[in-house]
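**Student:** Pasted the sequence and its predicted model underneath.
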Amino acid sequence: MTIVQAPAQVAGSATTGRRQMRLGPLGWISLAVVILAVLLALLGPVLRPFDPDLANLSFANVGPYGSHLLGFDGQGRDLLSRLMTGARTTMLGAGFVALVSVVTGSVVAVTTAWFGGAVDAVASAVLDVLFAFPGILLAVVAAAILGPGLLSAGLALSIAYIPYVTRVLRSAALKQRAMAYIAALEVQGFSAWRLCLRHLLPNISSLIVAQGTILFGFAMVDLAAISFLGLGVQSPQADWGVMISDGKAGLLQGFPLESLSATLCIIAVVSAVTFLGESQEARARQARR
């Protein structure tokens, strides 16, 4: 009886997961934007029409011209090529932050929910301390210690995001920990590792995916802000945050295309990713009620 109960719980979760994949019109548009952004990150540096670092000051801030569909930046570099090349750095940085935060947060959440007691108390105290540090402040500290760059900014934001994802996943893991099928499998002698990996984690996997998706959007915005401050990706490397920073002078002089194009790219991707993530999270929460 109990042996059948646990797989049924997982099977029910899988059925719920299939239902959660249904997308409305906005969902399909958001998914298309995300796929396009991923393709740009993968193929942009290969398909770019021109060298993104090739400067020609005689074309500085010139609008669309011939085969240069978006024109040139303040250094006379092709804007479209820089956008396509910068997609890889921007997406890679945000993906790194989301992956590290979600994996670490999932491990901490499941561990504290399973063992409770002193383990939960110590982890909660550490997370409360981390809650007090904004991501930008940690990025400044990381830049001072490791030097400015994508790695130091990504590590700082990952540390800042871990408490948020852990708090959400811990609540879901505690509910699963208290369910009857877990107690039944414990009585049969199943190890904690097996129960967590094969039963508990799969039943909160939809929420884990939702948290990772939402964090991806937040990370993209924060990394762009850090690069804008000069603590992340460094110019002249192509990156959407760097392009916004490099375009400040042109913006003040009436040539907003460089900053505007990079900003619109970030807004489009972040809006699409956040919509998908929040929709998934809402469905996951509804399915657990």
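**Tutor:** Received, thanks. Numbers count the residues shown, from 1 in each chain.
**Student:** Okay, now the unreliable bits of the stretch 1-150 of the chain?
**Tutor:** Low-confidence regions of the stretch 1-150 of the chain, defined by pLDDT under 70, span residues 1-22.
**Student:** can we see that at 50?
**Tutor:** 1-20 (pLDDT under 50).
**Student:** Could I get the full set of helices for it?
**Tutor:** With DSSP state H, counting those that start in this stretch as the definition, the stretch 1-150 of the chain shows helices at residue ranges 2-20, 25-47, 79-115, 117-131, 135-146, 150-177.
**Student:** closest one to Leu70 among the ones you listed?
**Tutor:** helix 79-115 (4.0 Å; C-beta to C-beta). C-beta coordinates here come from the backbone N, C-alpha and C atoms, glycine included.
**Student:** Secondary structure element holding the residue nearest to the spatial centre of the chain?
**Tutor:** With the centre of the chain defined as its mean C-alpha position, the nearest residue by C-alpha atoms, centre = their mean is Phe216, 1.4 Å away. Secondary structure from DSSP states H and E places Phe216 in helix 205-228.
**Student:** dump the residue contacts of Ser67.
**Tutor:** Under the criterion of C-beta atoms under 8 Å, 6 or more residues apart in numbering, the contact partners of Ser67 comprise Pro49.
**Student:** Roughly how far does it sit from Pro25?
**Tutor:** Ser67 sits 35 Å away from Pro25, taking C-beta to C-beta, to the nearest Å as the criterion.
**Student:** Off-centre distance for the strand or helix carrying Ser279?
**Tutor:** Assessed by DSSP H and E, Ser279 sits inside helix 257-288. Mean C-alpha position of helix 257-288 versus that of the full chain (C-alpha atoms, centre = their mean, to the nearest Å) differs by 10 Å.
**Student:** Would you mind listing the buried residues in it?
**Tutor:** Buried residues in helix 257-288, defined by neighbour count with 16 or more other C-beta atoms under 10 Å: 257-259, 261-263, 265-266, 269-270, 272-277, 279-281, 283-284, 287-288.
**Student:** Now do that helix, average pLDDT.
**Tutor:** Per-residue confidence for helix 257-288 averages out to 86 on the pLDDT scale.
**Student:** counting contacts, what elements does that helix pack onto?
**Tutor:** Of the remaining helices and strands, those touching helix 257-288 by 3 or more C-beta pairs under 8 Å, 6 or more residues apart in numbering; DSSP states H and E are helix 2-20, helix 25-47, helix 79-115, helix 205-228, helix 240-246, helix 248-252.
**Student:** so the longest one versus helix 135-146, what angle?
**Tutor:** The directions of helix 79-115 and helix 135-146 differ by 100 degrees, with axes from the mean of the first three to the mean of the last three C-alpha atoms, to 10 degrees as the criterion.
**Student:** residue contacts, Gln234?
**Tutor:** If you count contacts by C-beta under 8 Å, 6+ apart, Gln234 has them with Pro148, Gly149, Val242.
**Student:** ok, back up a step: go through the helices of the stretch 1-150 of the chain and name the closest to Ala60.
**Tutor:** When the helices of the stretch 1-150 of the chain are compared by C-beta to C-beta, helix 79-115 sits nearest Ala60, at 11.5 Å.
**Student:** I'd like to know which elements that closest one is packed against.
**Tutor:** For helix 79-115, the contact count by 3+ C-beta pairs under 8 Å, 6+ apart identifies helix 25-47, helix 117-131, helix 150-177, helix 205-228, helix 240-246, helix 257-288 as packing neighbours.
**Student:** Tell me how many other residues surround Lys248.
**Tutor:** 13 (other C-beta atoms under 10 Å).
**Student:** Which residue comes closest to it once chain neighbours are left out?
**Tutor:** Excluding the flanking residues, the one nearest Lys248 by C-beta to C-beta, 6 or more residues apart in numbering is Ser259, at 6.8 Å.
**Student:** List the contacts of that neighbour.
**Tutor:** Counting by C-beta under 8 Å, 6+ apart, Ser259 makes contact with Met243, Ile244, Asp246, Gly247, Lys248, Gly250, Leu251.
**Student:** which among those residues end up buried?
**Tutor:** Applying a neighbour-count criterion of 16+ other C-beta under 10 Å, the buried members of the contacts of Ser259 are Met243, Ile244, Asp246, Gly247, Gly250.
**Student:** Between those, which sits nearest Gln176?
**Tutor:** Nearest to Gln176 among the buried ones among the contacts of Ser259, with distances taken as C-beta to C-beta, is Ile244, at 42.2 Å.
**Student:** No more questions from me, cheers.
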